[in-house]
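this one's sequence-less:
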């Protein structure tokens, strides 16, 4: 027996102590059923909190396997168009064309083909200096790799004036020349430069160091209609600039019908539930989600901007003025269906030939 299975059995014993959870024997039986039905293991079982007594068996049997999920994604979203959303420059250009609000673009740095939004070169430290001098001291900018996931390569900095700026997660200022060298090393395919998004006070209160976002998973069900399948809030760890679950952020599923947060958890330990915010101590479970309806509607409308894309996990940030689209994930992490306990077979069915032609 593998060490991993021993670990899951030990966890099952711990969970079974709580009267609200299933017995060890019931958990193990359901692991087997989940694997036989969907080729999903105890990790996915725990991520979906399927060990809870009120989680029904017919929901447990309602998930695609990871391979089947990938097949469904490529049925709903044609492979030919996948890179339109994977590249942040292309994605922002398409969204802006249709008036979908996004964070303000300043330019794209690249040593050979970089340009600012006025079409001027953004390829050297002198070009970066010129761009930064359009800001006032104290204003913030952020840098994103044009193709990256999970917050990899994200940096934010405060412009101090002259040739000085300071990254928000560092103490010592750096020069524009030092910044240029960092961007050249980290962003071989280019680095997006945006004005830093100052989030709404409701969302900044969750954790002020990160932009805390809503992931809205939406699906086009007819030529003129998109529905929302699930929503969850991501809150960054204390001191973190990103809210990603892989970076220690807390996930709070949203009850869409009631518009409130459910208990949160960290992806690494989904069996430890948080009714309160571990950063601030404030009550989270049952808390109304500000701008939820507006965020869902924005996620729905943004899907129409992309050709042959019918399914997306859209990341929405709430600025002081309202919701903005950060990005569309047209192959969203399958874990989202487990987070929100939404069986994927029922909401992401196999497409018929007629549906595929829509």
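Cool, the structure landed. Just so it is clear, the structure is predicted and the values come from calculations on it, not from any experiment.

For residue 306, see how far away the residue nearest to residue 242 when sequence neighbours are not counted is.
Spatial nearest neighbour of residue 242, chain neighbours left out: residue 151 (3.3 Å); criterion: C-beta to C-beta, 6 or more residues apart in numbering. Bear in mind the C-beta positions are built from the backbone N, C-alpha and C, glycine included. According to C-beta to C-beta, to the nearest Å, residue 151 stands 23 Å off from residue 306.

do the same with residue 349
21 Å.

repeat for residue 193
23 Å.

before we move on, what about residue 239?
35 Å.

Give me the more crowded residue out of the two.
Between residue 239 and residue 306, counted using other C-beta atoms under 10 Å, the more crowded position is residue 306 (20 against 13).

The more buried one: which element?
Residue 306 is located outside every helix and strand, with elements delineated by DSSP states H and E.

Isn't it up against residue 325?
No. With contact defined as C-beta atoms under 8 Å, residue 306 does not reach residue 325; the gap is 11.4 Å.

and stretch 162-174, how far apart are its ends?
Taking C-alpha to C-alpha, to the nearest Å, stretch 162-174 runs 11 Å from one end to the other.

buried sites along it?
163, 164, 165, 167, 174 (16 or more other C-beta atoms under 10 Å).

now, the most widely separated pair of these?
Farthest apart among those by C-beta to C-beta are 163 and 167. That separation is 14.8 Å.

where along the stretch 51-200 of the chain do the strands fall?
Assigned by DSSP state E, counting those that start in this stretch, the strands in the stretch 51-200 of the chain fall at 105-109, 115-116, 140-145, 155-161, 164-167, 174-175, 191-195.

Out of these, which is closest to residue 274?
Among these, if distance is taken as C-beta to C-beta, the winner is strand 155-161, at 25.8 Å.

by how many degrees do the closest one and strand 191-195 diverge?
For strand 155-161 against strand 191-195, the angle by axes from the mean of the first three to the mean of the last three C-alpha atoms, to 10 degrees is 60 degrees.

Run the chain-centre distance for strand 155-161.
Chain-centre distance of strand 155-161: 24 Å, with C-alpha atoms, centre = their mean, to the nearest Å.

partner strands of that strand, parallel or antiparallel?
Looking at strand 155-161 with DSSP bridges, its partner strands are strand 140-145 (antiparallel), strand 164-167 (antiparallel).

would you turn the ones you listed into JSON lines with mean pLDDT and distance to residue 249?
Rendered in JSON lines, the data for the strands paired with strand 155-161 read as follows (pLDDT from 0 to 100; distance: least, C-beta to C-beta, whole Å):
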{"stretch": "strand 140-145", "mean pLDDT": "94", "distance to residue 249": "17"}
{"stretch": "strand 164-167", "mean pLDDT": "94", "distance to residue 249": "20"}
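
TSV for the ones you listed, including distance to residue 276?
As requested, these are exported to TSV (distance: least, C-beta to C-beta, whole Å):
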stretch	distance to residue 276
strand 140-145	29
strand 164-167	30
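
if we compare those, which one ends up closest to residue 311?
Nearest of the strands paired with strand 155-161 (C-beta to C-beta): strand 140-145, 23.5 Å.

What angle do strand 105-109 and that closest one make with each other?
50 degrees.

Quick one: residues in contact with strand 140-145.
Outside of strand 140-145, the residues within contact range by C-beta atoms under 8 Å, 6 or more residues apart in numbering are 88, 103, 106, 109, 132, 135, 152-159, 165, 168, 183, 186-187, 189-198.

Out of the residues you listed, which end up buried?
Of the contacts of strand 140-145, these count as buried by 16+ other C-beta under 10 Å: 88, 103, 106, 109, 132, 135, 153-159, 165, 183, 187, 190-194, 196-197.

Quick check: pLDDT value at the residue nearest to residue 180 when sequence neighbours are not counted.
In space, and not counting its chain neighbours, residue 180 is closest to residue 125: 4.0 Å by C-beta to C-beta, 6+ apart. Note for residue 125: predicted pLDDT of 95.

now do residue 150
69.

go on, residue 330?
On the pLDDT scale, residue 330 gets 93.

again with residue 307
Reading off the model, residue 307 has pLDDT 86.

my guess is it meets residue 81, correct?
Yes. Counting by C-beta under 8 Å, residue 81 is a contact partner of residue 307 at 5.8 Å.

Compare those two and say which is more crowded by neighbours.
The residue with more neighbours, out of residue 307 and residue 81, is residue 81; 13 against 10, by other C-beta under 10 Å.

My guess is the more buried one contacts residue 305. True?
No. Residue 81 lies out of contact with residue 305 (C-beta under 8 Å); the separation is 11.6 Å.

Next, the contact list for residue 45, please.
Contact analysis of residue 45 by C-beta under 8 Å, 6+ apart lists 27, 30, 31, 34, 51, 60.

so what's the backbone phi/psi at the first one?
Phi and psi for residue 27, reported as degrees, to the nearest 10, are phi -60, psi -50.

The nearest residue to it once chain neighbours are set aside in helix, strand or coil?
Spatial nearest neighbour of residue 27, excluding adjacent residues (C-beta to C-beta, 6+ apart): residue 12 at 4.6 Å. For residue 12, the assignment made with DSSP: H, G, I helix; E, B strand; the rest coil gives helix.

Surely residue 12 touches residue 29?
No. The pair residue 12 and residue 29 fails to qualify as a contact (C-beta under 8 Å) at a distance of 10.9 Å.

I appreciate the help and will end here.
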